[in-house]
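How does the following fold in three dimensions:
(one chain, ligands or ions: 2)
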Amino acid sequence: MAYQFTKIAVKIGSNVLTRKDGSLDVTRMSALVDQIAELRKGGVEVILISSGAVASGRSEVRASKKLDSVDQRQLFSAVGQAKLINRYYELFREHKIPVGQVLTTKENFGTRRHYLNQKNCMTVMLENGVIPIVNENDTISVSELMFTDNDELSGLIASMMDAEALIILSNIDGIYNGSPSDPASSVIREVEHGKDLSDYIQTEKSGFGRGGMLTKTNIARKVADEGITVIIANGKKDNILVDLLKKPKTTVCTRFIPSTQEVSSVKKWIAHSEGFAKGELHINEQAARIINSEKAVSILPVGITHIEGEFEKDDIVRIMDHNGKQIGVGKASFDSSEARVMIGKHGLKPIVHYDYLYIE
Ligand SMILES: Nc1ncnc2c1ncn2[C@@H]1O[C@H](COP(=O)(O)OP(=O)(O)O)[C@@H](O)[C@H]1O
Ligand SMILES: N[C@@H](CCC(=O)OP(=O)(O)O)C(=O)O
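Ligands and ions are numbered 1, 2, ... in the order given. All right, here's what the predicted structure looks like:
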């Protein structure tokens with residue numbers, strides 16, 4: 001039977017892969033691997049983004065002295081990632097499917113060249129029948145260099161690899177329209193473009209996760225706006241992956257409806273580049289109004305009131321409106337000193353061209 005999608009990114013959260021005592025839930029891993037193998041047999045290409053390094057390392061080593069949170073993360077992930085990938089390797093080998101490890105950091109997405117290098121690496125893996133298993137390189141990404149969590153990373157990967165769908169597996173059936181523990185709440189089955197869900201999200205996180213439901217929702221919206229279906233579902237449920245693709249109507253999950261507008265690959269990269277922004281372009285009210293309308297416009301010097309920070313040509317900059325609120329990000333066509341000289345002048349080239357502008 002043909003599946004609904006032919007190329008998907010699947011993110012498996014820490015909570016799906018860990019038991020209550022923090023040990024690696026190999027039975028669950030094995031069940032998910034079986035499902036991915038079944039999807040592959042049915043012609044679906046899969047990119048896996050798997051958390052669980054820190055959680056699986058925690059039960060493996062006893063620290064000789066009390067460690068701070070950074071040391072703990074580095075120690076546990078170094079040990080745990082090896083264990084995690086080894087398990088995946090063994091489990092996929094039973095299906096004769098080769099896997100490869102991709103460990104990455106936020107910095108690896110900072111320049112277009114690095115971004116394309118990673119894309120090429122994973123493309124060549126897929127072309128050769130290898131399933132990429134991606135995780136953040138927790139041993140070297142520390143504090144401000146870290147992704148918020150693997151949800152953010154999975155959004156980047158799905159967008160970079162032009163996946164048709166991103167399936168985020170957590171320990172909950174989807175996004176509830178109230179507290180998940182309240183029996184009166186139920187799972188929101190579909191989220192249309194522009195729907196704000198922030199009122200529903202509780203700030204608490206599950207036992208081993210890092211980001212929580214709010215990051216999942218924000219990432220899901222952004223990725224769906226790029227034309228990719230995003231599904232949040234319960235990875236602890238039997239046969240969930242296959243059911244989501246085979247029986248989309250009857251399988252409980254939250255589904256973000258993708259935008260039908262085409263988004264260029266450069267724009268996709270820029271949309272996920274906020275974390276690497278070097279400076280700020282502040283624009284006046286009229287420019288903000290035009291940019292926020294549906295029209296395709298560039299950021300011209302005439303609409304800029306001031307520039308904050310220093311940046312080079314081709315760096316990512318934040319676009320701020322007249323109230324100081326961030327409305328987008330873009331790639332600067334000039335460095336900050338050149339751009340400052342151009343402020344307020346008519347008839348000059350754009351500081352950020354429309355092709356390199358992402359409005360939130
Ligand atoms: N409205 C909501 N609907 C569903 N889950 C929610 C909601 N608000 C908060 N949460 C919490 O978000 C958790 C999932 O996020 P997270 O802990 O980051 O999981 P993961 O490790 O799978 O990434 C759920 O277990 C739940 O406790
Ligand atoms: N890279 C970390 C993932 C931490 C994380 O973001 O977890 P989660 O919130 O479950 O996606 C690990 O492998 O432990």
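
all helices of the stretch 201-350 of the chain, in order?
Assigned by DSSP state H, counting those that start in this stretch, the stretch 201-350 of the chain shows helices spanning 213-225, 240-246, 265-271, 285-292, 336-342.

Quick one: closest of these to Ala82.
Ala82 lies closest, by C-beta to C-beta, to one member of those: helix 240-246, at 25.3 Å. No exception for glycine: its C-beta is placed from N, CA and C like everyone else's.

any bit of that closest one sitting next to ligand 1?
No - with C-beta under 6 Å from any ligand atom as the criterion, ligand 1 is not reached by helix 240-246; the gap is at least 12.9 Å.

again, but for stretch 165-185
Yes - using C-beta under 6 Å from any ligand atom, we find that stretch 165-185 touches ligand 1 at 170-172, 175-176, 180.

For the helix or strand of the chain with the lowest mean pLDDT, list the C-alpha coordinates in PDB.
Using mean pLDDT, DSSP states H and E, helix 265-271 stands out as the lowest-scoring helix or strand of the chain, at a mean of 85. This file holds the C-alpha atoms of helix 265-271, laid out as PDB (Å, rounded to 0.1, in the frame of the first residue of the first chain):
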ATOM      1  CA  SER A 265      15.600  26.900  -0.100                       C
ATOM      2  CA  VAL A 266      17.500  30.000   0.900                       C
ATOM      3  CA  LYS A 267      14.500  31.400   2.600                       C
ATOM      4  CA  LYS A 268      14.100  28.200   4.500                       C
ATOM      5  CA  TRP A 269      17.600  28.500   5.800                       C
ATOM      6  CA  ILE A 270      17.100  32.100   6.800                       C
ATOM      7  CA  ALA A 271      13.900  31.200   8.600                       C
END
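
one step back: hey, which of the helices of the stretch 201-350 of the chain is tucked in deepest?
Ranked by mean neighbour count under mean count of other C-beta atoms under 10 Å, these are led by helix 213-225, which reaches a mean of 23.

so how far is it off the chain centroid?
Chain-centre distance of helix 213-225: 8 Å, with C-alpha atoms, centre = their mean, to the nearest Å.

Tell me which stretches of the stretch 1-150 of the chain form strands.
Using DSSP state E, counting those that start in this stretch, the strands found in the stretch 1-150 of the chain span residues 7-12, 45-50, 99-104, 131-136.

Excluding covalently adjacent residues, which one is nearest to the residue of the stretch 251-360 of the chain found nearest ligand 1?
Closest to ligand 1 within the stretch 251-360 of the chain is Thr254: 8.2 Å, counting by C-beta to the nearest ligand atom. In this structure, Thr254 finds its nearest non-sequential neighbour in Gly174, 3.4 Å apart by C-beta to C-beta, 6 or more residues apart in numbering.

With Leu91 instead?
Nearest to Leu91 is Val33, by C-beta to C-beta, 6+ apart, at 4.1 Å.

Check what pLDDT that neighbour gets.
Looking at Val33, its pLDDT reads 98.
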